[in-house]
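>>> Output the structure for:
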Amino acid sequence: MSHEADHTNADTPLDGHALKAKIRTWGAELGFQQVGVADTRLDAAEADLDRWLDEGRHGEMEWMARHGRKRSRPAELVPGTRTVITVRMDYLPASATDPLELARRRDRACISRYALGRDYHKVLRSRLKRLARRIEDEIGPFGYRVFTDSAPVLEKPLAARSGLGWIGKHTNLLNRHAGSWFFLGEIYVDLALPPDAPVTDHCGSCTRCIDVCPTRAITAPYQLDARRCISYLTIELKGAIPVEFREALGNRVYGCDDCQAVCPWNRYAQFSAEDDFRPRNGLDAPSLVELFGWDEATFLERTAGSAIRRIGHERWLRNLAVGLGNAPTSDDVIGALQARADHPSALVREHVAWALARHGTRGPARD
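I've put the predicted structure just below:
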């Protein structure tokens, strides 16, 4: 079935309900706040994905369309898959600044709370493998493969089908008892486990996430245009950030949490107990000027083991230049921008020039 297990017990009788209860216990012992089981029927999600792709709302994320039906049909991605074990893990660090408060401090850099600590891919993948091995210890070899935002997997629809929550109007997964500050992961298995029942939608008439979005990326309830989303613009987009969105970015230099931060259900969110998700290298509320001064070696050193590293130093400077363009005018801000005005990257230079113009100045005169 996969490289992670070459044998299968798919035809061996097992008590699926008893095994599922044990999997929940083992999952809790490994630090997952919830474990569910989903079947592989994603017809509605597949139709939604097709419409979203047809409308071009994925922008430059060509990988969203690259794998055909493998994203919405688990058994085509991993042959032999019969059910999907889903998990969630809280990540909000207790020590981190409230993102809405931080977004108002325009001399500071606002980094999405999920990226303050260790790269979640590594943390969840390791735990999921341990969970799979624990199942193997119990029943013998079986076919499985683990995922966490790392392959063509419809994570949120699978999580919703398994009862972990419902997909809210901002298109994030919501849980009545835990809000939305959590990561998701999956284990595709060739075991016939009984699926859990989905939960009902509890967004009601609330539109706070739609109303707060700085770039109006939530175009209607449950509809997201990634091309307008600050997370897409600062992380996925490789080229220039469209001028029409730069002011709205404010000081958000890596992702955006506004739609989650205003959600009433997040009053029930639990802080993470994971040391790996605590803020590292002073990234909770750092100075824009300080971060903009990092050379590439410093950037690589300070973002080692972090999800932030994936955008690279050039896009890091691009994003920070926009943040500095929106910061209060000061000698430090202008000096930092002017120091990068002749940067080797045309992408960085263009955003620096825009930022300096916002402060009514230009780069330093050259002989």
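>>> those strands in the stretch 51-200 of the chain, which residues are they?
Listed in chain order, the strands found in the stretch 51-200 of the chain under DSSP state E, counting those that start in this stretch are 83-90, 110-111, 144-147, 166-167, 173-174, 182-189.
>>> Return the most buried member of the ones you listed.
Ranked by mean neighbour count under mean count of other Cβ atoms under 10 Å, the strands of the stretch 51-200 of the chain are led by strand 110-111, which reaches a mean of 30. C-beta: built from backbone N, CA, C; applies to glycine.
>>> ok, residues contacting that one?
By Cβ atoms under 8 Å, 6 or more residues apart in numbering, the list of residues contacting strand 110-111 from outside reads 99, 102-103, 250-256, 283-286, 308.
>>> Now, those that are in strands?
Those of the contacts of strand 110-111 mapping onto strands are Arg252, Val253, Tyr254, per DSSP state E.
>>> and these, which are buried?
Buried residues within the ones in strands among the contacts of strand 110-111, counting neighbours by 16 or more other Cβ atoms under 10 Å: Arg252, Val253, Tyr254.
>>> how about those residues in TSV, adding distance to Arg176?
Formatted as TSV, these follow (distance: Cβ to Cβ, whole Å):
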residue	distance to Arg176
Arg252	28
Val253	32
Tyr254	29
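>>> closest to Pro79 among these?
Taking Cβ to Cβ as the measure, Pro79 sits nearest to Tyr254 out of those, at 36.9 Å.
>>> Show the contacting residues for that closest one.
By Cβ under 8 Å, 6+ apart, the residues touching Tyr254 are Ala109, Ile111, Ser112, Ala115, Thr234, Ile235, Ile308, Ile311, Asn319.
>>> cutoff 10 Å now
Going by Cβ atoms under 10 Å, 6 or more residues apart in numbering, Tyr254 touches 109-112, 114-116, 230-231, 234-235, 283, 291, 303, 306-308, 311, 315-316, 319-320, 323.
>>> Distance check, the spatially closest residue to it that is not a sequence neighbour against Gly59.
With Cβ to Cβ, 6 or more residues apart in numbering as the criterion, Tyr254 has its nearest non-adjacent residue at 4.5 Å, and that residue is Ile111. For Ile111, the distance to Gly59 under the criterion Cβ to Cβ, to the nearest Å works out to 21 Å.
>>> quick revisit: just to be sure, which of the contacts of Tyr254 are found in helices?
Cross-referencing those against helices under DSSP state H gives Ile230, Ser231, Leu291, Arg315, Trp316, Asn319, Leu320, Gly323.
>>> so Met235 touches Ile311, yeah?
You called it Met, but residue 235 is Ile. Yes - using Cβ atoms under 10 Å, Ile235 is in contact with Ile311, at 5.9 Å.
>>> Now for the two: what residues contact both?
Taking Cβ under 10 Å, 6+ apart as the contact criterion, the residues that touch both Ile235 and Ile311 are Tyr254, Asn319.
>>> Flag the shaky bits of the stretch 1-150 of the chain, pLDDT-wise.
Within the stretch 1-150 of the chain, the ranges that satisfy pLDDT under 70 run 1-13, 63.
>>> ok, 90 please
Counting by pLDDT under 90, the stretch 1-150 of the chain shows low-confidence ranges at 1-14, 45-72, 95-96, 149-150.
>>> Can you name the residues bridging to the nearest residue to Gly168 once chain neighbours are set aside?
Sequence neighbours aside, Leu174 is the residue nearest to Gly168 in space, at 4.3 Å (criterion: Cβ to Cβ, 6+ apart). Here Leu174 sits in beta bridges with Trp166, going by DSSP bridges.
>>> residues touching Leu174, list them.
Applying Cβ under 10 Å, 6+ apart, the residues contacting Leu174 are 160, 164-168, 180, 199, 201-203, 209, 260, 263-266.
>>> Ok, Arg41 next?
When contacts are counted by Cβ under 10 Å, 6+ apart, Arg41 touches Ser72, Arg73, Pro74, Pro157, Arg161, Pro195.
>>> Save the residues you listed as CSV, and put in distance to Val84 and neighbour count too.
CSV is the format used below for those (distance: Cβ to Cβ, whole Å; neighbours: other Cβ atoms under 10 Å):
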residue, distance to Val84, neighbour count
Ser72, 12, 25
Arg73, 12, 17
Pro74, 6, 28
Pro157, 10, 22
Arg161, 8, 24
Pro195, 9, 19
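>>> and which of these is nearest to Lys22?
Distance from Lys22 was checked for each of those by Cβ to Cβ. The minimum falls on Pro195, at 16.5 Å.
>>> how close does the closest residue to that closest one other than its chain neighbours get to Ser330?
When the adjacent residues along the chain are set aside, Pro195 lies closest to Asp39, with 4.5 Å between them (Cβ to Cβ, 6+ apart). Asp39 sits 57 Å away from Ser330, taking Cβ to Cβ as the criterion.
>>> ok, the two, which is more surrounded?
Taking neighbours as other Cβ atoms under 10 Å, Asp39 and Ser330 compare with Asp39 leading, 16 against 13.
>>> thinking that one is in contact with Val189, fair?
No - under the criterion of Cβ under 10 Å, Asp39 makes no contact with Val189, lying 11.7 Å away.
>>> Give the residues shared as contacts by these two.
Common contacts of Asp39 and Val189 (Cβ under 10 Å, 6+ apart): Pro74, Arg82, Thr83, Val84.
>>> so when I look at Leu19, I'm seeing a strand, right?
No - counting by DSSP: H, G, I helix; E, B strand; the rest coil, one finds Leu19 to be helix, located in no strand.
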